[in-house]
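1. Provided below for reference: sequence and predicted model.
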Amino acid sequence: MSQRPPSMASLIAFEATARLGSMTSAADEERTTQPTISQRIRALEERLGVPLFHRQGGRLTLTAQGERFYDEIAPGLKQIRESCERLIQDGKRPSPSVVIAAGSGFTHLWLLPRLPALKRAFPDLTFKLMPIDRADAPELQGADIAIRFGPYVPQDRGRLVASEAVFPVCSSDYARQYDLKDTLTTADLPRISLLHQDIRDPRWLNWAQWCRHAGLTLAPRDDLFAYHNYALLLNAALAHQGVALGWSILVQDYLASGQLVELGPRVTRKDYGYWLSVKHHRSAVVEPVSDWLLEAVPTLPS
């Protein structure tokens, strides 16, 4: 006899018939017909070369070889059925969900581009990203992982994602058009368009505050246009419309691709940066995700 085993369909037909005592009951369980079960058992007997059932009128009884064969294969088929059922039930359960809340700029410019890699790293999880700009928003407090911008807050037990580093950025075409060198000077400011974000939040530097930290003098101007979204602000810079303030972690991809260029000087503030905190510490689901996010941030030049 060939070493190729009998078909699984024939083994299932035999096991069900032996366990239930009739081909009709086996057909009902397997959702097929009695003749199909009979054909599969006949094929199995021919394949093995021994009768498995005594057929006496309408009654079936196992032969000695049939009883031994049933005792040997039944546990394995039962284990296969149970394993399949577990997988089916697992598939019906919703995947654990992790909610990550962060500022809209961080969400759109850093998290979203890395979401495919995050999903590949944790294929059994689903992720919900929530762009939240208010530091006191309840959604930020309730998220599994919260990434906040601002000074360090001891009670949050936050881990540093990236320190603050703020500097002017523009397209290389704009820099050439206005003959901007590596570092802006007070003399450069009146002749270039300064792109502003209209966000009334003391955590963020505006141009006037940045100039004070950088040691530059900014004369009053009335040609200001405010963007209400940081991503839109950067889009304007990408479209050669002026110079924007760039936070290093938010513009790093644009700098690496050459779409934007950095103009000095850099401004930093003590203890300011992006801080990651988790709702439930030592969570077997959330902690690996938070570790992955921290490791995904490259070491940025200071």
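-> Looks like it came in fine. Residues are numbered from 1 along each chain as shown.

2. Neighbours of residue 45, how many?
-> 19 (other Cβ atoms under 10 Å). Placement of C-beta: from N, CA and C, glycine included.

3. ok, now how distant is residue 241 from residue 168?
-> Separation of residue 241 from residue 168 (Cβ to Cβ, to the nearest Å): 14 Å.

4. and those two? which has more neighbours close in?
-> residue 168 (30 against 16).

5. That one: what's its closest spatial neighbour, skipping adjacent residues?
-> Excluding the flanking residues, the one nearest residue 168 by Cβ to Cβ, 6 or more residues apart in numbering is residue 263, at 4.2 Å.

6. my read: the one you found touches residue 175, true?
-> Yes. Here residue 263 lies in contact with residue 175, judged by Cβ atoms under 8 Å, at a distance of 7.1 Å.

7. follow-up on the earlier one: count the residues that sit near the residue nearest to residue 168.
-> Close neighbours of residue 263, defined as other Cβ under 10 Å, add up to 20.

8. do residue 69 as well
-> Residue 69, neighbours per other Cβ under 10 Å, totals 20.

9. how near is it to residue 18?
-> Residue 69 sits 9 Å away from residue 18, going by Cβ to Cβ.

10. And for residue 239?
-> Separation of residue 239 from residue 18 (Cβ to Cβ): 76 Å.

11. who touches both of residue 69 and residue 18?
-> Common neighbours of residue 69 and residue 18, counting by Cβ atoms under 8 Å, 6 or more residues apart in numbering, are residue 52.

12. Provide the backbone phi and psi angles at residue 226.
-> Dihedral pair for residue 226: phi -100, psi 130, per degrees, to the nearest 10.

13. What's opposite it in the beta bridge?
-> residue 196 (DSSP bridges).

14. Measure how buried it is and give me the count.
-> Counted with other Cβ under 10 Å, residue 226 comes out at 11.

15. Of residue 239 and residue 18, which one has the most company?
-> residue 18 (22 against 11).

16. who's in contact with that one?
-> 52, 62, 66, 70, 74.

17. Among those, name the ones in helices.
-> Among these, DSSP state H puts 66, 70, 74 in helices.

18. Hmm, the second one is touching residue 61, no?
-> No. Assessed by Cβ under 8 Å, residue 70 is found out of contact with residue 61, at 11.7 Å.

19. Those two: which has the busier surroundings?
-> The neighbour comparison of residue 70 against residue 61 (other Cβ under 10 Å) goes to residue 70, with 17 against 12.

20. Secondary structure class of the closest residue to that one other than its chain neighbours, three-state.
-> Spatial nearest neighbour of residue 70, excluding adjacent residues (Cβ to Cβ, 6+ apart): residue 18 at 4.6 Å. Using DSSP: H, G, I helix; E, B strand; the rest coil, the secondary structure recorded for residue 18 is helix.

21. For the helix or strand where residue 79 lies, buried residues please.
-> Using DSSP states H and E, residue 79 sits within helix 64-92. Residues of helix 64-92 classed as buried: 66, 69, 70, 73, 77 (neighbour count, 16 or more other Cβ atoms under 10 Å).

22. Next up, the contacts around the first one.
-> With contacts defined as Cβ under 8 Å, 6+ apart, the neighbours of residue 66 are 14, 18, 51, 52, 53.

23. Which strand or helix spans the closest residue to residue 33 other than its chain neighbours?
-> Leaving aside its sequence neighbours, residue 33 sits nearest to residue 27 (Cβ to Cβ, 6+ apart; 5.5 Å). Following DSSP H and E, one finds residue 27 within helix 23-30.

24. Show me how far the helix or strand following that helix is from its chain's centre.
-> Heading C-terminal from helix 23-30, the first helix or strand you meet, by DSSP H and E, is helix 34-48. Relative to its chain's centre, helix 34-48 lies at 50 Å (Cα atoms, centre = their mean, to the nearest Å).

25. Residue 146 touches residue 138, doesn't it?
-> No. Using Cβ under 8 Å as the test, residue 146 is too far from residue 138 to be in contact (11.2 Å).

26. okay, these two: which has more neighbours?
-> A count of neighbours by other Cβ under 10 Å puts residue 146 above the other of residue 146 and residue 138, at 24 against 9.

27. The stretch 101-250 of the chain: strands as residue ranges?
-> 126-131, 145-151, 159-163, 166-170, 196-197, 226-227, 244-247 (DSSP state E, counting those that start in this stretch).

28. Any chance of the ones you listed in JSON lines with distance to residue 209 and mean pLDDT as columns?
-> Listed next are the strands of the stretch 101-250 of the chain as JSON lines, based on distance: least, Cβ to Cβ, whole Å; pLDDT from 0 to 100:
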{"stretch": "strand 126-131", "distance to residue 209": "24", "mean pLDDT": "93"}
{"stretch": "strand 145-151", "distance to residue 209": "14", "mean pLDDT": "92"}
{"stretch": "strand 159-163", "distance to residue 209": "17", "mean pLDDT": "92"}
{"stretch": "strand 166-170", "distance to residue 209": "9", "mean pLDDT": "97"}
{"stretch": "strand 196-197", "distance to residue 209": "12", "mean pLDDT": "84"}
{"stretch": "strand 226-227", "distance to residue 209": "15", "mean pLDDT": "80"}
{"stretch": "strand 244-247", "distance to residue 209": "10", "mean pLDDT": "95"}
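
29. Understood, closing this out.
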